[in-house]
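Chemist: I need the structure of the sequence given here:
(chains A, B, C and D)
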Number of protein chains: 4
Amino acid sequence: MHGYFYPRTATGRASLIPPPPWYYSGDLVTIEYRTDPDRVRELLPEPLELAEQDPGAVALIWADWQSCSGSGEELLDPVRSQYKEAFAVVRCGYRGRTYSRCVYIWVDKDFAVARGIHQGYPKKLGSIHLTRPHPYGPAPRFAPGARFGATLAAADRRLAQAVVTLREPSPTGGFVNGHPMAHHRWLPAIEKGGGQALAELIESGAAAFEGGQAWVGDAELTLFESPTEELAELVVREPIAAYVRQVGVVWDGGTLLEKT
Amino acid sequence: MHGYFYPRTATGRASLIPPPPWYYSGDLVTIEYRTDPDRVRELLPEPLELAEQDPGAVALIWADWQSCSGSGEELLDPVRSQYKEAFAVVRCGYRGRTYSRCVYIWVDKDFAVARGIHQGYPKKLGSIHLTRPHPYGPAPRFAPGARFGATLAAADRRLAQAVVTLREPSPTGGFVNGHPMAHHRWLPAIEKGGGQALAELIESGAAAFEGGQAWVGDAELTLFESPTEELAELVVREPIAAYVRQVGVVWDGGTLLEKT
Amino acid sequence: MHGYFYPRTATGRASLIPPPPWYYSGDLVTIEYRTDPDRVRELLPEPLELAEQDPGAVALIWADWQSCSGSGEELLDPVRSQYKEAFAVVRCGYRGRTYSRCVYIWVDKDFAVARGIHQGYPKKLGSIHLTRPHPYGPAPRFAPGARFGATLAAADRRLAQAVVTLREPSPTGGFVNGHPMAHHRWLPAIEKGGGQALAELIESGAAAFEGGQAWVGDAELTLFESPTEELAELVVREPIAAYVRQVGVVWDGGTLLEKT
Amino acid sequence: MHGYFYPRTATGRASLIPPPPWYYSGDLVTIEYRTDPDRVRELLPEPLELAEQDPGAVALIWADWQSCSGSGEELLDPVRSQYKEAFAVVRCGYRGRTYSRCVYIWVDKDFAVARGIHQGYPKKLGSIHLTRPHPYGPAPRFAPGARFGATLAAADRRLAQAVVTLREPSPTGGFVNGHPMAHHRWLPAIEKGGGQALAELIESGAAAFEGGQAWVGDAELTLFESPTEELAELVVREPIAAYVRQVGVVWDGGTLLEKT
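Modeler: Below you'll find the model as predicted:
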């Protein structure tokens, strides 16, 4: 039987995702702000702790990706390589180190959901849109005053919308998502009331990264209530900054921190 | 932290799926045929074996569901309850018993993908359509000569299409999907080349079932090649029969057979 | 050149819609209420007038359709026959007669958009969901206390949601959508500022109709604001009633009332 | 009543499309080839004639657009500005001039369908994907050997797929789509068998254009049969060339050539 993920077959060709490494080209819109640290704490299972510095910092990130396996073949059938996502990242402490942690995430393709199951990103399906920079016509360039929109919906409800106005080049694209990720991989036991069949705390991060000049500016961000989502609980108390950047990333596996 | 599935939060409200039991109302189109038993064997990991009788039997099933948790609230916001699926089922032997086993499945909602991760159904996203019976207008009633179409596509390619013509009432809705399911739940280790973090063989099945009169007839079925799918390897050697039926089902957990 | 609609070709096979008659099987959820008659009047271009009786009456209707041409072939490839819609209907007077008029409508397939262009329904794309009655499992039967949900979204924003609770059988499925339709067919001139290339007031209605027992009950209805929609301007002042019914309909053309 | 398109309201805010001018930023993949000129002729209604030179030339074009009205507001809510399309263009003669003409086109948003109704593009909904150039990661740059994929599906069937390999910069992005467009705007009479209520031959084209360096290369192109499409009738007899380019375009109305 072959196949990195299900369905496993004689050839492995049908596997929903290929083995890593996975390669990504993408456009990012990142909005950082401070929420009530209690809202972050309640999303951190033990033994994770609030980050020591700026514990209420949140990054809400929109990304428009083209991704592929080592063969690159998905890029030539782009329904298999292109997807968009929006996700919320906080920071936390574990054994004296600071980690980033994705607490909510929505994507628009099944292969992205499956990669999330593997990497510990709690992926749901959503409808994600973000303005892309473009060199011609009305879409924005990287320039002072350029504006980028970003929206997120799931189950036919808008969950977040933002407009970012660029000010100037920036040495950084934000700090909240800049650490290794500390994620859980959980799966309930098949027996009713049987606890967890899998419960791991894992660490992962980019195996390689390249990026263009980041630009920084300000965001108008609105979060909306939904009966099935809790993103809006991460209420905006104080804006930090917003960033737009184009990047290339490689992901190639992680490390088990502990079974929980 | 609460939540049957991810994301886990202080309230559990955001969990992609609620705890079982899960309740389903649905319309089913089932097409049974015989393929080369070698094509079935190569989809059965050890210690599963070919079924002793009719080992090449396959059921290709389309379902149009309305599903909910015990609260029933999803039925009142039907974007959260309605979904469609198409799946291929074979039979296998394990410790002297005969099981059904879903080898391929496509659904069109994220909560259905997540339930599949839990139940060991290898779910991908697809575009699934099937004619529903209706008492008025041009859609078919349950009657001799009534015709039902069923189609499946994924990644912008059609994978299967069928037309079923009813002949008469039937005491059964098919036999291939009639046993408890023997499914694997696999998740690769986060370390590259690290084998499996979870590898379980589990058994599950309906906790309760009700159904209307099944009708039997004949199907014209075509399977199509795709670079990312292997459904067409289950080539149609000999038709068995086709069935249309309306059912109600409850699912409420399963049993671990063994860690593999 | 052949083809009832575009694209026109040597065979007509590619036409987005076939010639009428068009046949429909469907499930309907209808919610009737009274709004401020001024909100209705401002949607009625001259020479249409407010209906004399109950001029503020509105019907908000959700429908889950299976539709086809005379050949019925679309029913066997149901991606070509199934669609859902939600629409708002008011009444108006014209030359002493009372007409129904669809003022807003959303559908989820292109062939439905094209039929609307022909029939004068102002169709946009939306995401429409409604609970369907079902004889088994948790979905509702036609019975006292049965509850049906209905929702509408467009451009990733929820525009309307409702829950209908049935009380009893009803001799009618509502009155607002019960008259012939008085619709405009407008197309701007291709020249900028050139007025209308087509401006017709037409009448149409069902060429044949059959239906099951209607049930009446009460609705909780909420309309939501959107920057690109005005449905919420038809504010709910007073509920009338809500209905669920299964129907079969034939549409076979209409009549030009006047060029405007 | 206000509104450039339907639905018309007191404010015009709900109109599916705003008045021109319309502004576009986009990435284009263009594949030009020669088909049997008879296949082109049968798509040209009188008085249009085959182009005198290279009458069998076809351009199959994929575009990934961000578009907006004069206010630019759609760019900040990008679900309202972003769409993709794939379309087939031929050339024709009319009164001694050469025109381009779109004979088939698929888009993925309703506002794009409505603009097509106005401009005479025979738009259907489809699923369109094309590789976008990107400066980082695995997606291609503009460089010799860079490869771009492009695919089209409608009604759950793949209609076309292509891979373009770039060779070198080019002074042009193709010639088939380089003329003013000669399009028909047709709408059948509401009366059954009543002929056409609107039948116009119109001319339109870009009011302004800017573009980056075009690159030329070769394409592998496959067209697929479908029961509802005739694109594959434009069989590839001889490849011409393929192009990738980024552009900005303004559209601001056209001219009536004649009523037909």
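
Chemist: mind listing what residue A:176 touches?
Modeler: Residues near residue A:176 by C-beta atoms under 8 Å, 6 or more residues apart in numbering or on different chains: A:32, A:57, A:58, A:59, A:89, A:90, A:91, A:100. (C-beta placed from N, C-alpha, C; glycine too.)

Chemist: ignore what I typed, I meant residue A:109.
Modeler: Neighbouring residues of residue A:109 by C-beta under 8 Å, 6+ apart: A:82, A:83, B:125.

Chemist: quick one: it from residue A:17, how far?
Modeler: According to C-beta to C-beta, to the nearest Å, residue A:109 stands 11 Å off from residue A:17.

Chemist: on that earlier part again, pLDDT and secondary structure for the contacts of residue A:109 - can I get that in a markdown table?
Modeler: A markdown table is the format used below for those (pLDDT from 0 to 100; DSSP: H, G, I helix; E, B strand; the rest coil):
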| residue | pLDDT | secondary structure |
| --- | --- | --- |
| A:82 | 98 | strand |
| A:83 | 98 | strand |
| B:125 | 98 | strand |
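
Chemist: which member of the residues you listed is positioned nearest residue A:8?
Modeler: Nearest to residue A:8 among those: residue B:125, at 18.4 Å, using C-beta to C-beta.

Chemist: from chain D, how far out is the closest one?
Modeler: Taking C-beta to the nearest C-beta, to the nearest Å as the measure, residue B:125 falls 13 Å from chain D.

Chemist: show me where chain A has strands.
Modeler: A:22-34, A:49-50, A:57-68, A:82-94, A:97-107, A:123-125, A:127-130, A:147-154, A:157-170, A:181-188, A:196-211, A:214-223, A:238-259 (DSSP state E).

Chemist: so residue A:206 sits against residue A:253, correct?
Modeler: No. In this structure residue A:206 lies outside contact range of residue A:253 using C-beta atoms under 8 Å: 11.3 Å.

Chemist: list the residues that contact the residue nearest in space to the middle of chain A.
Modeler: Nearest to the mean C-alpha position of chain A, by C-alpha atoms, centre = their mean, lies residue A:87 at 4.3 Å. Residues near residue A:87 by C-beta under 8 Å, 6+ apart: A:60, A:61, A:63, A:102, A:104, A:105, A:106, A:121.

Chemist: please identify which of the residues you listed is nearest to residue A:158.
Modeler: Checking those against residue A:158 with C-beta to C-beta, the nearest one is residue A:106 at 11.8 Å.

Chemist: hmm, residue A:85 and the closest one touching each other?
Modeler: Yes. Using C-beta under 8 Å, residue A:106 is in contact with residue A:85, at 6.5 Å.

Chemist: tell me which of these two has more neighbours.
Modeler: Higher neighbour count among residue A:106 and residue A:85: residue A:106, with 27 against 24, using other C-beta atoms under 10 Å in any protein chain shown.

Chemist: roughly how far apart are the more buried one and chain D?
Modeler: 14 Å.

Chemist: now do the closest residue to that residue other than its chain neighbours against residue B:13, distance only.
Modeler: Excluding the flanking residues, the one nearest residue A:106 by C-beta to C-beta, 6 or more residues apart in numbering or on different chains is residue A:126, at 2.8 Å. According to C-beta to C-beta, residue A:126 and residue B:13 sit 17 Å apart.

Chemist: who are the packing partners of the longest helix seen in chain A?
Modeler: Looking across chain A with DSSP state H, the single longest helix is helix A:110-119. With contacts defined as 3 or more C-beta pairs under 8 Å, 6 or more residues apart in numbering or on different chains; DSSP states H and E, helix A:110-119 has these neighbours: strand A:82-94, strand A:97-107, strand A:123-125, strand A:181-188, helix B:110-119, strand B:181-188.
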